[in-house]
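what's the 3D shape of this:
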Amino acid sequence: MELNSRRFFTFPVLVGVLALCTNADAFVHGIVPSLRHSGHRHLASISRKTETQRFSSLRPKGGLTNLRASAPEFPVIDISPMSEEGKTSAKLRVAEEVRAACEEHGMFYVKGHGIPDELQAAAFKASQDFFSLPSEVKEALPCVTGGFTRGYIGVGKESGSDRHELKEAFSYGYEWDSSTPPINPLQGPNLWPPSSSGLASAWQEPLQKIFTDNVRVGSMLTGALALSLGEEEAAMHTLCQEGDTISLMRLFHYLPLPNRREDVQGLDAAGGKEVTGSSPHTDWGWITIILQDPSVVALEVFHREAWHPVPPQPGTLLVNVGDYVSLYTRGRYVSPLHRVISPPKERFSFVFFAYPGYEARIPQVEGGQRYSLFTDQLQGGGGEFAEEESESFGRFILDKWAQVQRP
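Okay, the predicted model is just below:
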């Protein structure tokens, strides 16, 4: 199957890994100066606070299970008009709804996306089939270190904090022609299981199709974002040129806490770390598009000093703003802090991290919310992770992916 998604990036992005926060080294929203340092990839000399100091001011009263009653209502936006030709009144209505959602929550549901229910079901089946493979088959497809993320990530092998994240993942993206040399380090071929793995011969077809469909949906959303900012619909095309070739689709399999000693060998030897699904974080890129398991609620967002569940809505995709678009709008649009708590039963999800072009420059903003993009996420990290003012998004993201890998 030939995947033609090169038209995609009329936009930048950022996403991902979602998480639980029961102790206090949680990454939290706060008004901090943005990083505008000279020098290359150094840690700002910010003293590390204790876990309690970091999180106590934002811990919901009554404990983390006592979520605020006045939960945010995320809008459901019909984006189907964005497939129309020209600048129509219906497109402008979509843009206005997107603007309101991005300013208030940075998160919203979309319908009218054009991804059939049958394809979604086939993709979930393919994901479940992959994660059901024997460990030795999955581990023969390792996601290598260095920032290029294609392949399998085992349980505990990735984390946005010092927590042990009880999930495994499979990462893939644009179907790069192996005979064509990559232009940058984030491009390259996918790492698919061999035919000897026991998977059906057409196993990867729904995964390839859902990637290209997310590219299309991302393009629709980017047009809406541009209109919402008073720009022309195609204003972000140059910024996001070739972004589809470095964007990622992640299949996630979250494991439930009650079965952890059965499912994860050596977890108790992990130094007594807190166990979670995905650590609190903001997504690094432009936008993230999430297809949630319809049977499990585990994703949560931090809003107005409390954690709130973000349940799956039938027929919709969930969209959240990434750090890049928040910076692009000078903080006007929120990049939401979110996490995944360990679910009561296994949970599967598809998370599409849409990126701008590799050479897109990281916007500089004085002040604003705290972003995971600029936070040191190395194990034991406690400072800020500064970028050169001239550094491209792609080169910076290589370092960010390396930060969250764990031995």
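
separation between Thr212 and Tyr174?
Using C-beta to C-beta, to the nearest Å, we find Thr212 at a distance of 9 Å from Tyr174. In short, each C-beta sits where N, CA and C put it, glycine included.

and those two? Which one has more around it.
The neighbour comparison of Thr212 against Tyr174 (other C-beta atoms under 10 Å) goes to Tyr174, with 26 against 19.

from Trp176, how far off is the closest residue in space to the more buried one that isn't next to it in sequence?
Leaving aside its sequence neighbours, Tyr174 sits nearest to Thr245 (C-beta to C-beta, 6 or more residues apart in numbering; 4.6 Å). Thr245 is 7 Å from Trp176, where distance means C-beta to C-beta.

could you do Arg339 as well?
Taking C-beta to C-beta as the criterion, Arg339 is separated from Trp176 by 32 Å.

so these two - more neighbours on which side?
Per other C-beta under 10 Å, whichever of Arg339 and Trp176 has more neighbours is Arg339, with 26 against 15.

return the backbone torsion pair for the more buried one.
Note on Arg339: backbone dihedrals following degrees, to the nearest 10 are phi -150, psi 170.

cool, and Met82?
phi -70, psi -10.

check what pLDDT the residue nearest to Tyr174 gets.
Thr245 is assigned 96 on the pLDDT scale.

does it really touch Asp177, like I thought?
No. Between Thr245 and Asp177 there is no contact, the gap being 10.8 Å when judged by C-beta atoms under 8 Å.

what's the closest non-adjacent residue to Pro343?
Leaving aside its chain neighbours, Pro343 sits nearest to Ala298 (4.1 Å; criterion: C-beta to C-beta, 6+ apart).

for that neighbour, what are its contacts?
Contacts for Ala298 (C-beta atoms under 8 Å, 6 or more residues apart in numbering) come out as 18, 254, 277, 340-343, 347.

who's more crowded, Thr245 and Asp177?
Taking other C-beta under 10 Å, Thr245 and Asp177 do not tie; Thr245 has more neighbours (23 against 9).

what average pLDDT does the longest helix along the chain get?
Counting residues, the longest helix found in the chain (DSSP state H) is helix 205-228. For helix 205-228, the mean pLDDT works out to 97.

who are the packing partners of that helix?
If contacts are counted by 3 or more C-beta pairs under 8 Å, 6 or more residues apart in numbering; DSSP states H and E, helix 205-228 sits against helix 89-104, helix 117-131, strand 167-173, strand 248-254, strand 287-292, strand 347-354.

mind listing what's buried along the first one?
Which is helix 89-104. Using 16 or more other C-beta atoms under 10 Å as the test for burial, helix 89-104 gives 91, 94-95, 97-99, 101-102, 104.

helix or strand next in line after that helix, which one?
Following helix 89-104 in sequence order, the next helix or strand is strand 107-111 (DSSP states H and E).

angle of that next one against helix 205-228?
Between strand 107-111 and helix 205-228, the angle comes out at 120 degrees (axes from the mean of the first three to the mean of the last three C-alpha atoms, to 10 degrees).

start at 23 instead
OK, 23 is where the count begins now, so the last one is strand 129-133.

quick one: buried residues of stretch 359-369?
Those would be 359-365, 368-369, for stretch 359-369 by 16+ other C-beta under 10 Å.

now for these, which pair is the farthest apart?
Leu359 and Glu368 (24.8 Å; C-beta to C-beta).

before we move on, back to that, ok, so of the buried residues of stretch 359-369, who is nearest Pro216?
When those are ranked by distance to Pro216 (C-beta to C-beta), Glu368 comes first, at 25.2 Å.

who's in contact with the closest one?
Glu368 neighbours (C-beta under 8 Å, 6+ apart): 275-278, 318.

can you tell me how far it is from His360?
Going from Glu368 to His360 by C-beta to C-beta gives 20 Å.

now do Thr304
Separation of Thr304 from His360 (C-beta to C-beta): 8 Å.

now swap in Thr234 and tell me
Separation of Thr234 from His360 (C-beta to C-beta): 26 Å.

and if you look at Phe153?
According to C-beta to C-beta, Phe153 and His360 sit 22 Å apart.

in TSV: the contacts of Glu368, plus pLDDT, neighbour count and distance to Leu141.
As requested, the contacts of Glu368 are exported to TSV (pLDDT from 0 to 100; neighbours: other C-beta atoms under 10 Å; distance: C-beta to C-beta, whole Å):
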residue	pLDDT	neighbour count	distance to Leu141
His275	97	20	19
Tyr276	96	27	22
Leu277	93	24	26
Pro278	91	17	27
Val318	94	19	20
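
any chance of those in JSON lines, plus distance to Pro336?
Formatted as JSON lines, the contacts of Glu368 follow (distance: C-beta to C-beta, whole Å):
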{"residue": "His275", "distance to Pro336": "22"}
{"residue": "Tyr276", "distance to Pro336": "20"}
{"residue": "Leu277", "distance to Pro336": "25"}
{"residue": "Pro278", "distance to Pro336": "23"}
{"residue": "Val318", "distance to Pro336": "14"}
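
please consider this matter closed, and thank you.
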